[in-house]
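Asks: sharing a sequence plus its predicted fold:
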2 protein chains.
Amino acid sequence: MGNEVINTIRDFNRFYTAILGVVNNHILESEYSLTEARIIYELSCSGALTAREIKEKLEVDEGYMSRIVARFVKNGLLRKKQLINDKRAYTLELTAKGKKMADIIDQQSNVQVANLIQHLSKTEQQKLAHLIAQVKALLTRK
Amino acid sequence: MGNEVINTIRDFNRFYTAILGVVNNHILESEYSLTEARIIYELSCSGALTAREIKEKLEVDEGYMSRIVARFVKNGLLRKKQLINDKRAYTLELTAKGKKMADIIDQQSNVQVANLIQHLSKTEQQKLAHLIAQVKALLTRK
DNA sequence: AAAAAATACTTGCTCCTGTCAAGTAATTTA
DNA sequence: TAAATTACTTGACAGGAGCAAGTATTTTTT
């Protein structure tokens, strides 16, 4: 009972696991783990967030999160500001240095993706973008 | 210079990283790591292979590979047969138990993917399959 | 044919990521 | 105001994975 749709998707998943591996690992070489990069990314997009918000959005373990934040603060990438109305919690904000780092990671990501599609013509690239947008739309709509 | 194509792909990558995380983790709960599952999968598709062949195809570290194979043999999932013409190397084959395990993982993978698309109509599912097949084709053709 | 280089795999060491559980301080609920 | 919950911290630790050195065998070089 080889369901063709499922087989196609699973084949794609294997294929795309490899692609994401390459892309992410190359970024990873920039001294940060994928999770760390995601946290930096999240902060650079959304501005200030609390640890809890990030942890929930990215589904990172609380303890692990705490350590990463501590390290980032120590390395001067991040600033913690205690909330006025809740002394347990802090908003996290990228420092100037943190923002610079976010930019670097961002650019590296761009380069990685650019490499991925560099063999395609502009038209094909746009077709690709259109295709994956549709894929995401289909998979998102619950 | 926000290249729209690149942004779309990066957005998709984040999205699909999460999806693969869910799918793979659920399979992972079946006591094997992703790499282990991939090795089992590879053997169940291709029949007998040498460690070197698998390691090259899946890009797994040699030492890590060696340990996984040893464990599989110990657990009775795998059989090593020394090559007649090269006493350094072995072909690896799934035992009956190993094949059963492969089937289980296979089914779990199917279930995971089925969950993913369960909210779509048959027509939409086929559309999805068609879309990702095109994506893969575009990204493969180097 | 002997020495050197390469191959296939193993083993020891180690790092890092990530998890779980317990702990502290602050806040909310009963 | 006691109990429960929340936000975060800290300790302990397992598992995945990489690197380098080691062994046995095979191939290449001289």
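Replies: All right, it came through fine.

Asks: touching chain B at all, the longest helix seen in chain A?
Replies: Counting residues, the longest helix found in chain A (DSSP state H) is helix A:4-28. Yes: counting by Cβ under 8 Å from any Cβ of the partner chain, chain B is contacted by helix A:4-28 at A:4-6, A:8-17, A:19-20, A:23-24. Just so you know, the C-beta spots here come from the backbone N, C-alpha and C atoms, and that holds for glycine as well.

Asks: quick one: A:K81 is in a strand?
Replies: Yes: counting by DSSP: H, G, I helix; E, B strand; the rest coil, A:K81 is found in a strand.

Asks: burial count for A:V23?
Replies: A:V23: 21 surrounding residues under other Cβ atoms under 10 Å in any protein chain shown.

Asks: for the nearest residue to it once chain neighbours are set aside, give me its contacts.
Replies: Leaving aside its sequence neighbours, A:V23 sits nearest to A:Q112 (Cβ to Cβ, 6 or more residues apart in numbering or on different chains; 4.5 Å). By Cβ atoms under 8 Å, 6 or more residues apart in numbering or on different chains, the contact set of A:Q112 is A:22-23, A:26-27.

Asks: from those, which is closest to DNA strand C?
Replies: Within those, the smallest distance to DNA strand C is 11.9 Å, found for A:I27 (Cβ to the nearest atom of the strand).

Asks: how about the residue most central in space within chain A, secondary structure?
Replies: The C-alpha lying nearest the average C-alpha coordinate of chain A belongs to A:R38 (Cα atoms, centre = their mean; 3.7 Å). At A:R38 the chain is in helix, as set by three-state DSSP.

Asks: give me the pLDDT for A:G47.
Replies: pLDDT recorded at A:G47 is 89.

Asks: ok, so what distance separates it from DNA strand D?
Replies: Distance check for A:G47 against DNA strand D: by Cβ to the nearest atom of the strand, to the nearest Å, it reads 15 Å.

Asks: pretty sure that residue contacts A:E93?
Replies: Yes: assessed by Cβ atoms under 8 Å, A:G47 is found in contact with A:E93 at 7.2 Å.

Asks: with adjacent residues omitted, what lies nearest to A:R79?
Replies: Take A:R79 and drop its neighbours on the chain: the residue closest to it by Cβ to Cβ, 6+ apart is A:E93, 4.9 Å away.

Asks: ditto for A:D103
Replies: Excluding its sequence neighbours, the residue lying closest to A:D103 (Cβ to Cβ, 6+ apart) is A:S44, at 8.0 Å.

Asks: next one: the helix or strand containing A:S66, is it in contact with chain B?
Replies: Assigned by DSSP states H and E, A:S66 belongs to helix A:62-74. No: against chain B, helix A:62-74 shows no contacts by Cβ under 8 Å from any Cβ, the least distance being 15.1 Å.
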